[in-house]
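Enquirer: okay, here's the prediction I keep looking at, along with the sequence it came from:
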Amino acid sequence: MSETGQRGGAIRFRGGGFAPGQRRGPAIVVFAALIAVWQGGSSLGWINPLFLPSPMNIGEALYAVAASGELWRHVTASLGRILGGWALGTFAGLALGTAMGLFTLARSIGLPLVSAIFPVPKIALLPLFILWFGIGEPSKLATIALGVFFPTAINCYSGIDGVARNLIRMAQSFDLPPRDIVRKVVLPGAMPTIIAGFRISSSVALILVVAAEMIGAEYGLGAFVLQAGHLMATDQLLAGVVCLSILGLLFGAAISAVEKSLLRWR
Amino acid sequence: MELRLEGISHRYDALTVLEDISLTVEEGETLALIGPSGCGKSTLLGILGGLLQPSAGRVVAEGAVPASCLNPLTYVFQDFALLPWRSVADNVSLALEHHPLSANERRERIAKVLQSTGLSDFATAFPGQLSGGMRQRVGIARALAVMPAVLLMDEPLSALDAQTRDLLMEDFLDLWVRERTTAVYVTHNLNEALRLADKVAVLSRRPGRLREIVPLTIPQSERGSSAALAELARLHDHLWGLIKDEARTAEREVADV
Ligand SMILES: Nc1ncnc2c1ncn2[C@@H]1O[C@H](COP(=O)(O)OP(=O)(O)O)[C@@H](O)[C@H]1O
Ligand SMILES: [Mg+2]
C-alpha cells in the first residue's frame, strides 16, 4: 500500500449523512417561539393591532363569535356546501374516471374533454352558474362540484390505468367475470391513487367554498371573513382564517384515517 | 386432459415470434418448454391457456374434466400475480369466489391447499410480508385450489434465489408431478427441466420454432440416484448443445436493438 501513500489503521467511516429523519420536538419549539414573538411584539406595541392583531386577540375574537353562536352558523353553512359539492363532484368524477379507465370510447372522448376543461379556473364560472341556478345554494354547489370533479376524474382514471396488467390477466386466467375483475382487482388497485385525489379535491373544495361565499352569501366562513374585512375587524377576520385552517386539517385527518383503514396492506 | 397445438404461429405487429408449432401435451405428463429468452415461450403459454389469440393455428383440449375442477387451464405466474391487498387465504379465495361453492366447501379447499403448500400458519399474512418463495407458494396454492386439469407455469422459480428454488422444486414433485397432473412448465433452466419434466420441448431463437422434443424416460423419483446421473448428464449436454448457439445469437440480437 506504500506506493499509494496510505498507511495502516482503522478505516475512516464515510457513509454518513444524506439520511434526514423527522422529529416532532424542533417543530413544536419553533412554532411556539413564533407565536411568542408575535404576541410579544403586539404586547409591546411594535405591531399595529389594526393590521395584525395579536394571537390573544384572535383567540378572544374566536371565543366571542363562538359564544354568540354566530360562528356555528357560518361553519355549518360552509361545511354543508363543501360536503354537498364534494360529494356531487366526487360521485360524478369517479363515474367518469372509471369509465375512462375501462372503456376505449369513454377514454377517447373523455380524456381530451377533461384536459381541455381542467385548466379553467372554476370560480370564473360562478357568475354563469348564478345566471343558470340563481344566487342561492345550487350555484355554489355546482362550482364546488365542478372543481372537485376534474381532479377526481383524472386521478381515478390514472389509478385504474396504472393497475398492473398482470393482475388483470391473472384474474382473467381464473375466469373471473368482468364485473368481479373491476370490483376485486381494478378498483382496489386504483384505491391509493383515488384517495390521493381526495386530498387534492378536498383542498379545492375549501378554496372554492370561500371564494363562492365571498361573491355572494349571507352565511359561511368566506362571507364572515369578507364582512370582517369590510369592517376592518382584523381579529375576526383572522379568527375566520383559523377556522378555515382547522377545517382543512380536519379533512386531511379524515382522509388519512380512510387511507389507513383501506390501505392497511401497505 | 390432453392439449394439442396445431400449427401455432404468432406475430406482434411486424415481429414474428412463433412459427408453426405443433405439439401434444399428453394426459398426466409434465412438458418442459425451454429456449433462449425472447423466443416466445411466454407467448406460447399465453396461447395455450387462452390469454392470447394466436395469429394462426389452434389449441385443442381433449379429454373429460372431473366436476371438482373449476378452472381446467390454470396458470402459475413468474411474478406471482398476488393481490397485495388480500391476505394469503383471500388470495386463494379469489379463484373460488365466483364459483357456486358453499362457504364451507370454499373454506375446506383453501385450508387443504394451504396445508399442502406449507402455508397454514400464514393464512392471514399479506403478500408484502412474505419472502419470494412463500409468495410463489401462494401462487401455487391458488392454482391447486381450483383443481386444474392442466397447470401452465411460466418460469415459476426464476424470481427466486437458488436455495429457495431447489426447495420448491422438491415440493413441486409432490404437489403435481407425482399426482400426474398435466403440466406445461416454461423455464430457461435446464436443471429444472431435467428434474421435473417427462418431455422437454426445445424452441429455437425468435421466431421460435420447435427444434426437438427430448423424452426423459427415467422416472422423476429416480433422478436423484447415482445410476441416473450419467444419463442426466448426457441429456443435459445434449439440450445445452441445442440451445447454446441459439442463446448466444439471441443475446447478440437483443444487444443490437
Ligand atoms: N405484448 C407484446 N407486444 C409486442 N411484442 C411483444 C409482446 N410480448 C412479447 N413481445 C416480444 O415477443 C418476443 C417473445 O416474447 P416472450 O414470449 O415473452 O419470450 P420468452 O418468454 O421466451 O422470453 C420478445 O421479443 C418480446 O419482446
Ligand atoms: Mg417469458
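Expert: Done, it's in. Ligands and ions are numbered 1, 2, ... in the order given.
Enquirer: tell me the pLDDT of the residue nearest the centre of chain A.
Expert: Most central in chain A under CA atoms, centre = their mean is A:Ser203, positioned 2.7 Å from the mean C-alpha point. Predicted confidence (pLDDT) for A:Ser203: 95.
Enquirer: which residues are in contact with it?
Expert: Contacts for A:Ser203 (CB atoms under 8 Å, 6 or more residues apart in numbering or on different chains) come out as A:Gly248, A:Phe251. Every C-beta, even on glycine, is put in place using the N, C-alpha and C of the backbone.
Enquirer: that one in helix, strand or coil?
Expert: With DSSP: H, G, I helix; E, B strand; the rest coil as the basis, A:Ser203 sits in helix.
Enquirer: ligand 1 contacts on the stretch 101-250 of chain B?
Expert: Residues of the stretch 101-250 of chain B found near ligand 1 (CB under 6 Å from any ligand atom) are B:Arg206.
Enquirer: now the helices for the stretch 101-250 of chain B?
Expert: All helices of the stretch 101-250 of chain B, identified by DSSP state H, counting those that start in this stretch, fall at B:103-116, B:132-145, B:162-172, B:190-196, B:226-256.
Enquirer: kindly report the same for the stretch 151-266 of chain A.
Expert: Counting by DSSP H, counting those that start in this stretch, the helices of the stretch 151-266 of chain A are A:165-173, A:178-181, A:187-215, A:221-230, A:234-262.
Enquirer: distance to ligand 1 added to the ones you listed, as CSV?
Expert: Shown next, in CSV, are the helices of the stretch 151-266 of chain A (distance: least, CB to the nearest ligand atom, whole Å):
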stretch, distance to ligand 1
helix A:165-173, 9
helix A:178-181, 19
helix A:187-215, 20
helix A:221-230, 52
helix A:234-262, 32
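Enquirer: among these, which comes closest to B:Asp166?
Expert: helix A:165-173 (25.7 Å; CB to CB).
Enquirer: what angle do that closest one and helix A:187-215 make?
Expert: 120 degrees (axes from the mean of the first three to the mean of the last three CA atoms, to 10 degrees).
Enquirer: got the CA coordinates for helix A:165-173 in PDB?
Expert: Provided in PDB are the C-alpha atoms of helix A:165-173 (Å, rounded to 0.1, in the frame of the first residue of the first chain):
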ATOM      1  CA  ARG A 165     -51.800  -5.700 -16.300                       C
ATOM      2  CA  ASN A 166     -50.500  -9.000 -14.900                       C
ATOM      3  CA  LEU A 167     -53.100  -8.900 -12.100                       C
ATOM      4  CA  ILE A 168     -55.900  -8.400 -14.600                       C
ATOM      5  CA  ARG A 169     -54.500 -11.200 -16.700                       C
ATOM      6  CA  MET A 170     -54.300 -13.400 -13.600                       C
ATOM      7  CA  ALA A 171     -58.000 -12.700 -12.800                       C
ATOM      8  CA  GLN A 172     -58.900 -13.500 -16.400                       C
ATOM      9  CA  SER A 173     -57.000 -16.700 -16.300                       C
END
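Enquirer: so which bits of that helix are buried?
Expert: Going by neighbour count (16 or more other CB atoms under 10 Å in any protein chain shown), the buried part of helix A:165-173 is A:Leu167, A:Ile168, A:Arg169, A:Met170, A:Ala171, A:Gln172, A:Ser173.
Enquirer: how about the helices of the stretch 151-266 of chain A in TSV, adding distance to B:Ser204?
Expert: Conversion of these to TSV gives the following (distance: least, CB to CB, whole Å):
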stretch	distance to B:Ser204
helix A:165-173	26
helix A:178-181	36
helix A:187-215	38
helix A:221-230	72
helix A:234-262	49
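Enquirer: these: which one's closest to A:Val29?
Expert: Using CB to CB, the helices of the stretch 151-266 of chain A put helix A:234-262 closest to A:Val29, at 20.1 Å.
Enquirer: by contact count, what packs against the closest one?
Expert: Counting contacts by 3 or more CB pairs under 8 Å, 6 or more residues apart in numbering or on different chains; DSSP states H and E, helix A:234-262 packs against helix A:55-67, helix A:70-102, helix A:187-215, helix A:221-230.
Enquirer: so how far is stretch A:130-139 from its chain's centroid?
Expert: Distance of stretch A:130-139 from its chain centroid, counting by CA atoms, centre = their mean, to the nearest Å, is 25 Å.
Enquirer: got it, and stretch B:218-235?
Expert: For stretch B:218-235, the distance to the chain centre is 22 Å (CA atoms, centre = their mean).
Enquirer: residues in contact with that stretch?
Expert: So stretch B:218-235 is contacted by B:Leu173, B:Val177, B:Arg178, B:Leu194, B:Arg195, B:Leu196, B:Asp198, B:Val214, B:Leu216 (CB under 8 Å, 6+ apart).
Enquirer: just checking, the fourth one touches B:His238?
Expert: No: counting by CB atoms under 8 Å, B:Leu194 sits too far from B:His238 to count as a contact (10.6 Å).
Enquirer: so which two of the contacts of stretch B:218-235 are the farthest from each other?
Expert: B:Arg178 and B:Val214 (21.5 Å).
Enquirer: could you check which of the two is surrounded by more residues?
Expert: Neighbour totals were compared for B:Arg178 and B:Val214, and B:Val214 leads with 18 against 12 (other CB atoms under 10 Å in any protein chain shown).
Enquirer: skipping its backbone neighbours, what lies nearest the residue of the stretch 51-200 of chain A found nearest chain B in space?
Expert: Nearest residue of the stretch 51-200 of chain A to chain B: A:Met170, at 3.8 Å (CB to the nearest CB). Of all residues not flanking A:Met170 in the chain, B:Ala81 sits nearest, at 3.8 Å (CB to CB, 6 or more residues apart in numbering or on different chains).
Enquirer: that neighbour: how many residues sit nearby?
Expert: B:Ala81 has 22 neighbouring residues, counting by other CB under 10 Å.
Enquirer: equivalent analysis for A:Leu208, please.
Expert: A:Leu208 has 27 nearby residues by other CB under 10 Å.
Enquirer: who's in contact with it?
Expert: By CB under 8 Å, 6+ apart, the residues touching A:Leu208 are A:Gly85, A:Lys122, A:Ile123, A:Thr143, A:Ile144, A:Gly147.
Enquirer: how about those residues in JSON lines, adding neighbour count?
Expert: Shown next, in JSON lines, are the contacts of A:Leu208 (neighbours: other CB atoms under 10 Å in any protein chain shown):
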{"residue": "A:Gly85", "neighbour count": "27"}
{"residue": "A:Lys122", "neighbour count": "24"}
{"residue": "A:Ile123", "neighbour count": "18"}
{"residue": "A:Thr143", "neighbour count": "29"}
{"residue": "A:Ile144", "neighbour count": "30"}
{"residue": "A:Gly147", "neighbour count": "26"}
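Enquirer: most widely separated two among those residues?
Expert: Pairwise across the contacts of A:Leu208, and taking CB to CB, the largest span is found between A:Gly85 and A:Ile123, at 12.4 Å.
Enquirer: what touches both of those two?
Expert: Jointly contacting A:Gly85 and A:Ile123 under the rule CB under 8 Å, 6+ apart are A:Thr143, A:Gly147, A:Leu208.
Enquirer: measure B:Cys69 to chain A for me?
Expert: Note on B:Cys69: its distance to chain A, by CB to the nearest CB, to the nearest Å, is 12 Å.
Enquirer: residues of the stretch 51-200 of chain B that sit close to chain A?
Expert: Within the stretch 51-200 of chain B, the positions lying close to chain A (CB under 8 Å from any CB of the partner chain) are B:51, B:71, B:73-75, B:77, B:79, B:81, B:83-86, B:94-95, B:97-98, B:126, B:128, B:142, B:146.
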